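below are the sequence and a predicted model; questions follow.
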Amino acid sequence: MKLLTFEYNGKRSAGVLSEDGKNVIKINIEGKEYEDIGYMLSSLKDISIEKIRKYRLDSKDSIPLSDVKLCAPIPYPNQDVICLGINYMAHAEESARYKEQAFGGERPFAVYFSKRVNEAVADGEYIDGHFDIVDSLDYEVELAVIIGKDAKNVKKEDIFEYILGYTILNDISARNLQTQHKQWYFGKSLDGFTPMGPWIVTTDEFVNPPELKISSKVNGEIRQDSSTDLFIFDIAHVVNELSQGMTLKAGTIISMGTPAGVGMGFVPPKFLKSGDIIECEIEGIGSIKNIIK
């Protein structure tokens, strides 16, 4: 099932894509509609895939997909996105090379950081390059995990009971700001630096854990081409570890890191410029395409 946020006649709503992919059906749970998927999750705190399927409006109230504007599925996250850094070994190598650091070949602990998202960018929308302060704009295709109910002290064997589904996230990054400030928060949190979508695909559409092809293209040129089974720290490890020390509230977004092939990994680097088209694709979810302005 594909959960989405859409705009129709000036109103934003949470919905479900019909099985044939041609229509959008509003979600109505016990008489209440929701303006977006994130608001629905944070309001209900514990929502099952079965309950969403049960309470969507009857198909006669559906709207043609061609008549709506798709938004990011969670346009306004309640909390910063939790991100993993260096979660593919090949990306760890290219990152160390760009920073002119030695790479020991080991990654004993996960690297976590947060990314502020004032408003996520939808598929097809422009990305502000902030070229007045950015001279090394980069892309990072990532699988984003969406927590469906509050998770605290979750055992590894129970992890997937707490995950609603997955979406695509492009972790746009200003490498010069990362380097200048010696951390990642500012360089990854500028307005418009989080394209996300086109929808959330629920976990019942995948095996657990999902092993999916993941790729990115810039102006049609393949840059990243990998698989999520190459995570250094997998989804179960990450959710289990984080939930020991904090409550992962419903609607939490965890972005699982990017594979090799980012702009800084090339010699010389291939950073984004105005007019570039960046497309991110993950098997079983779809793709998002955005233009740099």
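Arrived safely.

show me what I27 bridges to in the sheet.
Beta-bridge pairing of I27, defined through DSSP bridges, involves R56.

mind checking how far it is from D138?
Distance check for I27 against D138: by C-beta to C-beta, to the nearest Å, it reads 35 Å. C-beta: built from backbone N, CA, C; applies to glycine.

where are the low-confidence patches of the stretch 1-150 of the chain?
56-60, 91-92, 95-106 (pLDDT under 70).

hmm, try it at 50
Low-confidence segments of the stretch 1-150 of the chain, defined by pLDDT under 50, are absent.

what about the strands in it?
Secondary structure of the stretch 1-150 of the chain, counting by DSSP state E, counting those that start in this stretch: strands at 2-8, 11-17, 23-26, 28-29, 32-33, 63-64, 69-71, 81-85, 111-115, 126-127, 137-138, 141-147.

make JSON lines out of those and add distance to S43.
Formatted as JSON lines, the entries for the strands of the stretch 1-150 of the chain read as follows, by distance: least, C-beta to C-beta, whole Å:
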{"stretch": "strand 2-8", "distance to S43": "14"}
{"stretch": "strand 11-17", "distance to S43": "10"}
{"stretch": "strand 23-26", "distance to S43": "15"}
{"stretch": "strand 28-29", "distance to S43": "9"}
{"stretch": "strand 32-33", "distance to S43": "8"}
{"stretch": "strand 63-64", "distance to S43": "22"}
{"stretch": "strand 69-71", "distance to S43": "17"}
{"stretch": "strand 81-85", "distance to S43": "19"}
{"stretch": "strand 111-115", "distance to S43": "23"}
{"stretch": "strand 126-127", "distance to S43": "29"}
{"stretch": "strand 137-138", "distance to S43": "35"}
{"stretch": "strand 141-147", "distance to S43": "14"}
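
isn't Y8 right up against P64?
No - here Y8 lies out of contact with P64, judged by C-beta atoms under 8 Å, at a distance of 9.8 Å.

pick out whichever of those two has more residues nearby.
Y8 (15 against 11; other C-beta atoms under 10 Å).

and the closest residue to that one other than its chain neighbours, its phi and psi?
For Y8, ignoring the flanking residues on the chain, the nearest one in space by C-beta to C-beta, 6 or more residues apart in numbering is V68 at 4.7 Å. V68 has phi and psi values of phi -110, psi 160 when expressed as degrees, to the nearest 10.

gap between V68 and K51?
Computed with C-beta to C-beta, the distance linking V68 and K51 is 23 Å.

who has more neighbours, those two?
Between V68 and K51, counting by other C-beta under 10 Å, V68 is the more crowded of the two (18 against 14).

what residue lies at the spatial centre of the protein?
With distances taken as C-alpha atoms, centre = their mean, the residue of the chain nearest its centroid is L169 (2.9 Å).

picking up where we left off before, quickly list what's touching both of Y8 and P64.
Residues touching both Y8 and P64 comprise V24, with contact defined as C-beta atoms under 8 Å, 6 or more residues apart in numbering.

surely S13 is in contact with N28?
No - using C-beta under 8 Å, S13 and N28 do not qualify as a contacting pair, with a distance of 9.6 Å.

between these two, which has more neighbouring residues?
Between S13 and N28, counting by other C-beta under 10 Å, S13 is the more crowded of the two (23 against 17).

residues touching that one, list them.
Shown in contact with S13 (C-beta under 8 Å, 6+ apart): T5, F6, E7, K26, I27, E33, Y34, E35, D36.
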